[in-house]
Structures are given as structure tokens and as C-alpha cells.
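Novice: Here's my sequence, what's the structure:
(one chain, ligands or ions: 1)
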Amino acid sequence: MDNSKPVDQDFTKALPKIELHAHLSGSISRQCLHEIWKRKKEQTPAFDLEDPLVLMPPGKVDYTLETFFSTFSKLTYQLCNDLESLVYATNSVLGDFLEDGVVYLELRTIPRASHGITREEYVNTVLDTIENFRTKTERMSVFLILAVDRGSMTATEADKIVDLAIENKSRGVVGVDICGNPTKGDVSIYKEPFAKAKANGLGITLHFAETTASASASELSTLLSFQPDRLGHVIHVPDEIKKEIVRRKVGLELCISCNVHAKMINGGFLDHHFGYWRHEDCPIVLCTDDVGFFCSPVSNEYLLAAQHFALTRTDLFNVCMKSADAIFAGEYYKKRIRGMLEEFSPVIELEQVNWLP
Ligand SMILES: CNc1ncnc2c1ncn2[C@@H]1O[C@H](COP(=O)(O)O)[C@@H](O)[C@H]1O
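Specialist: Numbering: from 1, shown residues only. As a prediction, this is how the structure comes out:
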């Protein structure tokens, strides 16, 4: 790898990347939300919601956790509340990741029941859309993680989500997650459903220590007792727990732009804990979290990491190589990602980057 060449957007876009922590509804672009809004407005002129491009003006990324969570209920979920919109949004999100040079995606979503749509229909629709997408391109492999919303779900509801995940393993559901507003809920109620998920061979990823409110010693040790394969965010982590995470070599899904813009960390990009974790022996996966809000695609997360932590092309390449260890889909896909990276390495030297299908 020629490190005399700078890390630029062309490089980070062409690099075969993986994304493991993208929330479906948070990844919908403003333009796509606008298109869904326009269609609804045409079908029902009395549809009483302001244009997403007004509610989420282009360039706005300063969502605090409070404004962030309320935007889903006030806007996104008002638009993606029918199966046609869900298909449209899912296709748009998949296309955006492909276009950004992602070669392996584990998308996550909370199966929401709404307006006559059951959780089963929601999951089936997303899986149908993914299956249809697979027929159009082989470049990007796509899998699904089903998420439990700690802000609203009971243990029985979490159990139902885990059952749905188990039932749909053969269709590409690879894991389960606990997400939602970290200032709400008691994660210990999900112990049994997550034990069932583990026993049935699903990957476990958990939102972990996102805020001080969700970083008490008891919450973190409860979450670690679920035997997670990966952790998301890992911000407010005491030293003893950091040691345990390293001992277990847990995969870490780090979301630099989200954490900086939402003020989940103190300080700016340079202060992000990527700077700490990159020296530890855990696979690190740079992730977008919610690119629809923070407007930083995966390629830009790699660029930011390079710019703020003085990383070379080889460093980024190595982050990608190691990140493959953290995927849920198994050895075949790990080899596939590593093979794509190996193929990419000489291509970059010759500056013949031409991977789009
Ligand atoms: C700071 N980052 C985050 N922390 C915690 N939960 C998050 C999140 N970003 C997104 N979500 C969760 O994912 C849902 C949207 O996608 P789906 O409707 O499931 O596709 C949000 O409602 C929220 O519960």
C-alpha cells in the first residue's frame, strides 16, 4: 500500500468497508423522507405533516439525544407507517450504502407494529426488500439484526422479537440488539429473551454506556452477563469494564460523528474514544449509526478517523481487515470481505479504482 498518497474521499469510498451498526429508520436520507412525504401529500392532500426538508433542514446535524429520539416519533415514523413507504425507504438506504462502497451490511431495525401492520409483516417486508435487492447486486451482502427498544418494550415483547429473529435466521436475520433511549428502561428484564437468542445461535450486540445514565456499574455488568459478541458506542466505560471488554475481545461498533454531533462525548473528534480503543486488541468497526441525521456516510467516518488520528491508507486498510472478525454472518462472509480487501490493495496502488457494478 502506497502510504505516500494521502487518505482522501476517493480512497475511503473505494475501500471495501463493512457497516454493522446502522439503524434502518435513522439511515433514511432527508431526500428520501421528502419523496415519501410528497407521495403521501399527493394521495391525501389533508396529510398534516410538514415537509421533512423543512423539519430537517439540509446540513443540520446538531441533534441532541432528546431532539434525536423525538424526531423519529414526530417525523420518520409518521412517514414510514405503511408497507409501501417501508419498502421505498429500505431500498433507498440499501442503495446509499452500496453507493458509498459498503460491501457487507448488517442493518438493524426495531420491528414496529403500527396502523394495521404487525411486527411479522414489518420484518417480512424488510426481508423481502433485502432479498429483492440481492437479486440486483452481488457487491454488497446484506443481513438484518432485530432490535429491542428499551424505551418501550416489556420482556414479553422482547421475547417476541427474539422469536421473530430465530424464525427468520434462514432469511438473513443474524442477531439481536437492545437500543432506544438510553435514559429509559431497565435492561435486566431482557435477560431471558437474550439467553434464548444466544442459545439459538444469534449474534448479540448491545448499545453500551451511551450516556452516564445508562452506564451504572449494575447496568454494564448486567449487559455483559448477556455474553454480547459486540457492543455499540462504549463511551462511559469504567477502567475495570474496559479490561473485561478487552479480555473478551468484544467487537466494538464506534460511531464517531454521531457521538460528537449529539454531544454524547465531551469535546470534539480528537477526543473520541476511537483514539483509545484503536490501541486495544478488539476488532473496531467504524459505523454511521444514523446517517440520515448525522449526514456522515461510512466513507466519511474513515476519512474523519484518518484526519483526526493521523491514520495512513495502510492503517485504514488494517482497521477494515480486522473489522471482518466482528461480523455475525460467519466464515464464508469473513473470507469474502478479506478477499475483496486483498483484491483492492494492488488496485489502489495502480490508481485504477473501478468497483461500481
Ligand atoms: C445514539 N444512537 C442511538 N442510540 C439508541 N438507539 C438508537 C440510536 N439510533 C437509533 N436508535 C433506535 O433506532 C430507532 C430507529 O431505527 P428503526 O426504527 O429501528 O429502524 C430509533 O427509534 C431508536 O430507538
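Novice: what does the stretch 51-200 of the chain have sitting close to the ligand?
Specialist: Contact residues, the stretch 51-200 of the chain versus the ligand (C-beta under 6 Å from any ligand atom): 72, 109-110, 147, 149, 179-180. Where you see a C-beta, it was placed from the backbone N, CA and C, and this is true even at glycine.
Novice: again, only this time at 5 Å
Specialist: Residues of the stretch 51-200 of the chain found near the ligand (C-beta under 5 Å from any ligand atom) are 72, 109-110, 179-180.
Novice: Any of those buried? List them.
Specialist: Buried members of those, scored by 16 or more other C-beta atoms under 10 Å, are 72, 109-110, 179-180.
Novice: surely residue 159 meets residue 196?
Specialist: Yes. Using C-beta atoms under 8 Å, residue 159 is in contact with residue 196, at 7.2 Å.
Novice: Could you list the low-pLDDT ranges of the stretch 201-350 of the chain?
Specialist: For the stretch 201-350 of the chain, applying pLDDT under 70 flags the ranges 347-350.
Novice: wait, residue 230 sits on residue 20?
Specialist: Yes. Using C-beta under 8 Å, residue 230 is in contact with residue 20, at 6.9 Å.
Novice: So for these two, which residues contact both of them?
Specialist: Shared contacts of residue 230 and residue 20 (C-beta atoms under 8 Å, 6 or more residues apart in numbering): 205, 251, 253, 285, 326.
Novice: nearest to the ligand, of the residues you listed?
Specialist: Distance to the ligand, by C-beta to the nearest ligand atom, is smallest for residue 253 among the shared contacts of residue 230 and residue 20, at 10.5 Å.
Novice: So that closest one belongs to a strand, correct?
Specialist: Yes. Under DSSP: H, G, I helix; E, B strand; the rest coil, residue 253 falls within a strand.
Novice: dump the residue contacts of it.
Specialist: Applying C-beta under 8 Å, 6+ apart, we find residue 253 in contact with 20-21, 205, 230-233, 285, 287, 326.
Novice: For the residues you listed, which two are the farthest from each other?
Specialist: Maximum pairwise distance in these, criterion C-beta to C-beta, is 14.5 Å, between 233 and 326.
Novice: So between the two, which is more surrounded?
Specialist: The neighbour count for residue 233 versus residue 326, taken as other C-beta atoms under 10 Å, is higher for residue 233 (28 against 23).
Novice: What ranges does the stretch 51-200 of the chain have for its helices?
Specialist: Per DSSP state H, counting those that start in this stretch, the stretch 51-200 of the chain carries helices over the ranges 52-55, 65-71, 77-79, 83-99, 119-136, 155-167, 191-199.
Novice: Could I get those helices in JSON lines, plus columns for mean pLDDT and mean neighbour count?
Specialist: Listed next are those as JSON lines, based on pLDDT from 0 to 100; neighbours: other C-beta atoms under 10 Å:
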{"stretch": "helix 52-55", "mean pLDDT": "97", "mean neighbour count": "16"}
{"stretch": "helix 65-71", "mean pLDDT": "94", "mean neighbour count": "16"}
{"stretch": "helix 77-79", "mean pLDDT": "97", "mean neighbour count": "18"}
{"stretch": "helix 83-99", "mean pLDDT": "98", "mean neighbour count": "20"}
{"stretch": "helix 119-136", "mean pLDDT": "98", "mean neighbour count": "16"}
{"stretch": "helix 155-167", "mean pLDDT": "98", "mean neighbour count": "19"}
{"stretch": "helix 191-199", "mean pLDDT": "98", "mean neighbour count": "18"}
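Novice: Let me know which of those is the nearest to residue 266.
Specialist: Among the helices of the stretch 51-200 of the chain, the nearest to residue 266 by C-beta to C-beta is helix 65-71 (14.4 Å).
Novice: you'd agree residue 320 is up against residue 16?
Specialist: Yes. Counting by C-beta under 8 Å, residue 320 touches residue 16, with 6.8 Å between them.
Novice: who touches both of these two?
Specialist: 337, 341.
Novice: how about TSV for the helices of the stretch 51-200 of the chain, with distance to residue 222 added?
Specialist: Below are the helices of the stretch 51-200 of the chain laid out as TSV (distance: least, C-beta to C-beta, whole Å):
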stretch	distance to residue 222
helix 52-55	36
helix 65-71	21
helix 77-79	29
helix 83-99	32
helix 119-136	25
helix 155-167	13
helix 191-199	7
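Novice: With that, I have no additional questions.
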